Structure formats: C-alpha cells, structure tokens
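Colleague: I'd like to go over a predicted model; first the sequence, then the structure.
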Amino acid sequence: MEVGGLYQFVLLLVLVGMILGVGILVLDKFAQSSGVTATAATSLNNTRDAIAEISTSWLPLIVIVAVLAIILTLVIRSFAGAGQR
C-alpha cells in the first residue's frame, strides 16, 4: 500500500462505516415496528448486535493494519533507496 492509495482506502472505510451504520439503524427500527412478531424481533435484534460487533472490533483493527502497512512501506523504501547510491 502506498501513500497515494490512502485516499481510496479512507473512502472505502467511510463507505463501509456508513453502510454498517445505516444497516444497524434499519434493523433497529424494523425490530421496533408493530407488525413484527416476537421471534422476528429477537432475530432482528441478534442480527443487529452481530453487525454492530463488526464496527466495534474489526474496523479499528483493519485501520491499524492499513496504517502499519503504509508506515512499513515508507520505511522499507527509504532504506532501499539509500543502498542504491
């Protein structure tokens, strides 16, 4: 990963965050509607909780790995360029 690809990566993270947020909101509102049975509401709430786990545990880990990849690429390229002189 290069610094030039950072823009696309940030846009991807924002898009994934927005999709997760909207999905969680829709599931929550749908589970609270009056036309849903208790079993369906329980299933919707379980699905909402499972999706919320992605945004609280996996998304920060993905960001950390991407930032470390960018830093490692910059460091390795700086040392590789010094050896060619």
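Modeller: Received, thanks.

Colleague: Now do the same contact list for the residue nearest the centre of the chain.
Modeller: Taking C-alpha atoms, centre = their mean as the criterion, Leu59 is the residue nearest the geometric centre of the chain, at 3.7 Å. Contact partners of Leu59, counting by C-beta atoms under 8 Å, 6 or more residues apart in numbering, are 13, 16-17, 20. For the C-beta atoms, the positions are set from N, CA and C on the backbone; glycine is no exception.

Colleague: That one: which element?
Modeller: helix 59-83 (DSSP states H and E).

Colleague: buried ones in that helix?
Modeller: 66, 70 (16 or more other C-beta atoms under 10 Å).

Colleague: Please compute how far that helix lies from its chain's middle.
Modeller: 19 Å (C-alpha atoms, centre = their mean, to the nearest Å).

Colleague: mean confidence for it?
Modeller: In this model, helix 59-83 has a mean pLDDT of 82.

Colleague: quick revisit: quick one: the residue nearest to the centre of the chain from Ala50, how far?
Modeller: Separation of Leu59 from Ala50 (C-beta to C-beta, to the nearest Å) stands at 14 Å.

Colleague: same deal with Leu12?
Modeller: For Leu12 relative to Ala50 (C-beta to C-beta), the value is 22 Å.

Colleague: Ends of stretch 28-37, what's the gap?
Modeller: 14 Å (C-alpha to C-alpha, to the nearest Å).

Colleague: So which residues make contact with it?
Modeller: Residues contacting stretch 28-37 (C-beta under 8 Å, 6+ apart): 40-41, 44-45, 48.

Colleague: hmm, 6 Å instead?
Modeller: Here stretch 28-37 makes contact (C-beta atoms under 6 Å, 6 or more residues apart in numbering) with 41, 44-45, 48.

Colleague: Need the buried ones from these selected in PyMOL.
Modeller: Buried residues among those (16+ other C-beta under 10 Å), as a PyMOL selection:
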select buried, resi 44+48
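
Colleague: In CSV: the contacts of stretch 28-37, plus distance to Val63 and pLDDT.
Modeller: Output for the contacts of stretch 28-37, formatted as CSV (distance: C-beta to C-beta, whole Å; pLDDT from 0 to 100):
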residue, distance to Val63, pLDDT
Ala41, 33, 92
Leu44, 28, 93
Asn45, 27, 93
Arg48, 23, 93
